[in-house]
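Q: Okay, sequence plus prediction incoming.
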Amino acid sequence: MITTSPEFDQAIYSPSRRTSARVTFDISDVTSADDASVTVTSEAEISRKDQLTNQERNRPAYATFEPDYWRLDGSFVLPPKEDEPGFEVGWYSASFSGVDGSFSPAQVIDFAFAEPHSSIGLTITFDEPADEYAVDFDVAAYDAGNNVIWSQSVRDNDRARWVIDKQQIENYRRITITLLKWCRPDRRAKVTEVSFGVVRVYGDDNLFRVNLLEEIDPISAQVPANELKFVVDNSNREFNILNPQGSYKFLQERQAAVVELGVEIRPDFYEWVNMGLYFLSDWKSDEGSLTTTFTARNRLDFLPSVEVENTTPSNTNLHTLAMSLITEIGLEKYRLDPALASMSTLSVYKKQTYRELFQNIAVAGMCAMFVDRDDFLNIVRLVDESPVDTIYMDNMYSEPQINLDTLVSRVEVNYYSDADTVAGTYVETGPVTGGATLKVENTLINTEQHAKAVAEWILTESNKRALYEVNWRQNPALEPGDVVTVEDAYGVNRSSRIIAQEYEYDGALRGKTKSKGAI
C-alpha cells in the first residue's frame, strides 16, 4: 500500500470527496533517447547523467549539503550510494553556482547522436522536487556538419520544467544545453530529464477519461502487463493525421506516460498518488468526437522480445541467473527476493524471450513477477501479512460478489537434468480429490527437492479459492498484492490478497477490486 498522509486517508473515504486525475505524456522521439550519447562539463558523485534520457522525471528531493537546501520536513530523502540500483537521479553538476547564481565556467550538457533525428520541441526538467531551475541558459541544435540549425537563448526563466512547444527541429545530430545562471546561489545544477519533444500534462480541463488496470498473479502462471487508457481533448486537431503542424507524426511506440490520481485534502489542494509509468502502444483519433484515445502498457510489455537460449549446464543460483539477464538488457530498476540466492539451478533453458525466462525464474523461485508503480521489475515472494485496509460496504455500490475458483487437487512438477531430459516428476496431492491438475515444466528446476517445494507452494496458493469482486469508490493507495479485509453482509469479513485493481475516472473516481483468499 502506498504511504499517504492522514489527511488523504480520511478524505479518500469521506462521504463527500473531490478527486482528480492527471496524465503527463512525453511526446518525444524515443529513437533520439536511445541514440543519445551525453557528456557534461562536470558531474557530482551522486549524479547519473545516463538517466537524462530514460523518460523518467519523478524523483525525490535528495538531501545534499547545499546551503538552505535540505528541508527537515520529511520531503527530502537520503541520496543513494554510488552502486545502489534503481534510484532516479538525473544529472548533478560538480560545480556550484556563485553568489549571484552564475556558473563559472558555464555548465554544458552535450548530446551527440549517431543518426539524424527530428522532434516537435524540447523539454528540460530541472529540479522539480525543490522547485529550482536555471534562470539563464542557451539551447542549440546542430546538423551533421556541426552547423547550428536552431537555437534559443532563455533569460529570466522561472519554471522548473521548460518547454518549447510546436517547434519542429529537423534532422539534428547534436543538441547542447548551456546553463549560465541558477535561481539560487551555492547550488549544483540539477537536470532530471531532457525530452526530445514536448511533455504535455493533461488534467481535468482536457482529460476526458482514464481507465487503468493493474494485475498480479501470485504464482506467476501469467505475468500480465498493466494497461492505461486515457482520452484527451483533440478539439485543436493536434493529433489529426492530416494536420501538418500537429503532433500526430511524432507519436511513437514506447513514449512515456505517467498517471496520477489525487484527492482534495483541503480546499483546492490535492494529494497525488503515482499510479505508474506506462509506454505508448496504440493511439486513435476520432474526428467526430474531437478526442484522441491513447493506450499504454507498463515495462513488462517492452522487455526485449528477442529469444535467448542456454543448453550448457552450469551450477549457479536463481539470483545470479536473474542478475545476468538484468545486466544483459540494461535494466536499472529491479527487486529480487533474497531467497533466490539460495536456490540452485543448472541454468538450462530452450529458446524463449526474456519475459518468459524471468517468469520461469519467478516460478522456480516461488515468487510473483510484476512491475510496480515505481517501474521496478519485481521477482519477490508474497508473504501472508495483516490486512493493510478494510473495504467497507459504505464505500461499495453493491454487495461484493464472492465466487470459488477452480479446485486444484494435484500438482505435477517436472525436474530436468538438461534442457531436453526430464529426470523425474514430483507429484503433490491435496486432501480433496476430483479437482484440476496443474503441470509445471520448467527446466530451471533440477532436483526432486526443488520440485517438491514448488509443487507445495503452487498447491497452497491455488487453493486460496475465495474470489472477491468489489465495485466501489476505489482508493488509489491500494496496490495489487496488498492484503485487505472485505466487509460482507454476513459479518464474515475475510482477508484476501488483491490480484487486480481497476480504476475509472471521468470527473469522479470509481472502480473494481478483485482479491483472492482462503475459504
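A: Yep, it's here.
Q: Output the below-cut-off pLDDT ranges for the stretch 151-300 of the chain.
A: For the stretch 151-300 of the chain, applying pLDDT under 70 flags the ranges 287.
Q: Would you map the strands across it?
A: 161-182, 188-191, 193-195, 197-202, 207-215, 227-233, 256-266, 269-286, 291-297 (DSSP state E, counting those that start in this stretch).
Q: Mean neighbour count for those strands - can I get that in a markdown table?
A: Just so you know, the C-beta spots here come from the backbone N, C-alpha and C atoms, and that holds for glycine as well. As requested, the strands of the stretch 151-300 of the chain are exported to a markdown table (neighbours: other Cβ atoms under 10 Å):
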| stretch | mean neighbour count |
| --- | --- |
| strand 161-182 | 18 |
| strand 188-191 | 27 |
| strand 193-195 | 26 |
| strand 197-202 | 21 |
| strand 207-215 | 20 |
| strand 227-233 | 20 |
| strand 256-266 | 21 |
| strand 269-286 | 18 |
| strand 291-297 | 21 |
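Q: where do the helices sit along the stretch 351-500 of the chain?
A: Secondary structure of the stretch 351-500 of the chain (DSSP state H, counting those that start in this stretch): helices located at 354-364, 448-462.
Q: To residue 412, which of the strands of the stretch 151-300 of the chain lies closest?
A: Counting by Cβ to Cβ, residue 412 lies closest to strand 207-215 out of the strands of the stretch 151-300 of the chain; the figure is 26.0 Å.
Q: Could you tell me the angle between the direction of the closest one and that of strand 269-286?
A: Per axes from the mean of the first three to the mean of the last three Cα atoms, to 10 degrees, the angle that strand 207-215 makes with strand 269-286 is 100 degrees.
Q: now strand 207-215: how far from the chain's centre is it?
A: Put simply, strand 207-215 sits 15 Å off its chain's centre (Cα atoms, centre = their mean, to the nearest Å).
Q: gap between stretch 323-339 and the chain center?
A: So, by Cα atoms, centre = their mean, the centroid of stretch 323-339 is 15 Å from its chain's centroid.
Q: and if you look at stretch 99-117?
A: Its chain's average C-alpha position is 29 Å from that of stretch 99-117, according to Cα atoms, centre = their mean.
Q: Quick check: buried residues in it?
A: Within stretch 99-117, the residues that qualify as buried are 101, 103, 106, 107, 108, 109, 111, 113, 117, counting by 16 or more other Cβ atoms under 10 Å.
Q: remind me which residues of the stretch 1-150 of the chain are low pLDDT?
A: 85-86.
Q: which stretches of it form strands?
A: Assigned by DSSP E, counting those that start in this stretch, the strands in the stretch 1-150 of the chain fall at 19-28, 36-40, 61-62, 76-77, 91-96, 102-125, 134-142, 148-154.
Q: TSV for the ones you listed, including distance to residue 513?
A: As requested, those are exported to TSV (distance: least, Cβ to Cβ, whole Å):
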stretch	distance to residue 513
strand 19-28	16
strand 36-40	41
strand 61-62	33
strand 76-77	30
strand 91-96	40
strand 102-125	34
strand 134-142	44
strand 148-154	47
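Q: Highest mean neighbour count out of the ones you listed?
A: The highest mean neighbour count among these, using mean count of other Cβ atoms under 10 Å, belongs to strand 19-28: a mean of 23.
Q: on contacts alone, who are the packing partners of it?
A: strand 102-125, strand 197-202, strand 207-215, strand 227-233, strand 256-266 (3 or more Cβ pairs under 8 Å, 6 or more residues apart in numbering; DSSP states H and E).
Q: Let's see that with 6 Å instead.
A: strand 197-202, strand 256-266 (3 or more Cβ pairs under 6 Å, 6 or more residues apart in numbering; DSSP states H and E).
Q: closest to residue 96 out of those?
A: So among those, strand 197-202 is nearest, using Cβ to Cβ, at 27.9 Å.
Q: In CSV, could you pull the C-alpha coordinates for the closest one?
A: C-alpha atoms of strand 197-202 as CSV (Å, rounded to 0.1, in the frame of the first residue of the first chain):
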residue,chain,number,x,y,z
GLY,A,197,9.9,16.6,-27.8
VAL,A,198,7.1,18.1,-25.8
VAL,A,199,5.8,17.0,-22.4
ARG,A,200,2.1,17.5,-22.1
VAL,A,201,0.2,17.5,-18.8
TYR,A,202,-3.5,16.6,-19.1
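Q: Okay, now the sheet partners of it, with direction.
A: strand 19-28 (antiparallel) (DSSP bridges).
Q: Can I get the strand it pairs with in CSV, CA atoms only?
A: Below are the C-alpha coordinates for strand 19-28, written out as CSV (Å, rounded to 0.1, in the frame of the first residue of the first chain):
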residue,chain,number,x,y,z
THR,A,19,-11.0,13.5,-6.8
SER,A,20,-8.8,14.3,-9.8
ALA,A,21,-6.5,12.7,-12.4
ARG,A,22,-3.6,13.9,-14.5
VAL,A,23,-1.5,12.3,-17.1
THR,A,24,2.0,13.5,-18.0
PHE,A,25,2.6,12.4,-21.6
ASP,A,26,6.1,12.7,-23.1
ILE,A,27,5.7,13.2,-26.9
SER,A,28,9.4,12.7,-27.5
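Q: who touches it?
A: Applying Cβ atoms under 6 Å, 6 or more residues apart in numbering, the contact partners of strand 19-28 are 55, 195-204, 210, 230, 247, 250, 255-263, 270, 505, 509.
Q: Which residues are in contact with the spatially most central residue of the chain?
A: With distances taken as Cα atoms, centre = their mean, residue 375 lies nearest the centre of the chain, 2.7 Å away. If you count contacts by Cβ under 6 Å, 6+ apart, residue 375 has them with 277, 333.
Q: can you pull the pLDDT of it?
A: Note on residue 375: pLDDT of 93.
Q: can you check the one 3 residues further on too?
A: Among the per-residue scores, residue 378 shows a pLDDT of 97.
Q: hey, C-alpha coordinates of the helix or strand harbouring residue 516 in CSV?
A: Per DSSP states H and E: residue 516 is located in strand 509-517. Extracted as CSV, the C-alpha positions of strand 509-517 are listed here (Å, rounded to 0.1, in the frame of the first residue of the first chain):
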residue,chain,number,x,y,z
LEU,A,509,-13.2,8.2,-9.3
ARG,A,510,-14.6,4.7,-9.1
GLY,A,511,-13.5,1.1,-9.9
LYS,A,512,-13.3,-2.5,-9.0
THR,A,513,-11.1,-4.5,-6.7
LYS,A,514,-10.6,-8.3,-7.3
SER,A,515,-9.0,-10.3,-4.5
LYS,A,516,-8.3,-13.9,-3.6
GLY,A,517,-8.2,-15.6,-0.2
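Q: what does that strand contact?
A: The contact list for strand 509-517, computed with Cβ under 6 Å, 6+ apart, reads 19, 464, 466-471, 473-474, 494-504.
Q: Same question for that strand: list its buried residues.
A: In strand 509-517, counting by 16+ other Cβ under 10 Å, buried: 509, 511, 512, 513, 514, 515, 516, 517.
Q: most packed of the helices of the stretch 351-500 of the chain?
A: By mean count of other Cβ under 10 Å, the helices of the stretch 351-500 of the chain have helix 354-364 as the most buried, with a mean of 22.
Q: quick one: residue 364 from residue 309, how far?
A: Residue 364 sits 17 Å away from residue 309, going by Cβ to Cβ, to the nearest Å.
Q: what would the helices of the stretch 351-500 of the chain look like in JSON lines with distance to residue 145 and mean pLDDT?
A: Shown next, in JSON lines, are the helices of the stretch 351-500 of the chain (distance: least, Cβ to Cβ, whole Å; pLDDT from 0 to 100):
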{"stretch": "helix 354-364", "distance to residue 145": "40", "mean pLDDT": "97"}
{"stretch": "helix 448-462", "distance to residue 145": "60", "mean pLDDT": "96"}
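Q: I'd like these as a markdown table, with distance to residue 404 appended.
A: Below are these laid out as a markdown table (distance: least, Cβ to Cβ, whole Å):
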| stretch | distance to residue 404 |
| --- | --- |
| helix 354-364 | 24 |
| helix 448-462 | 12 |
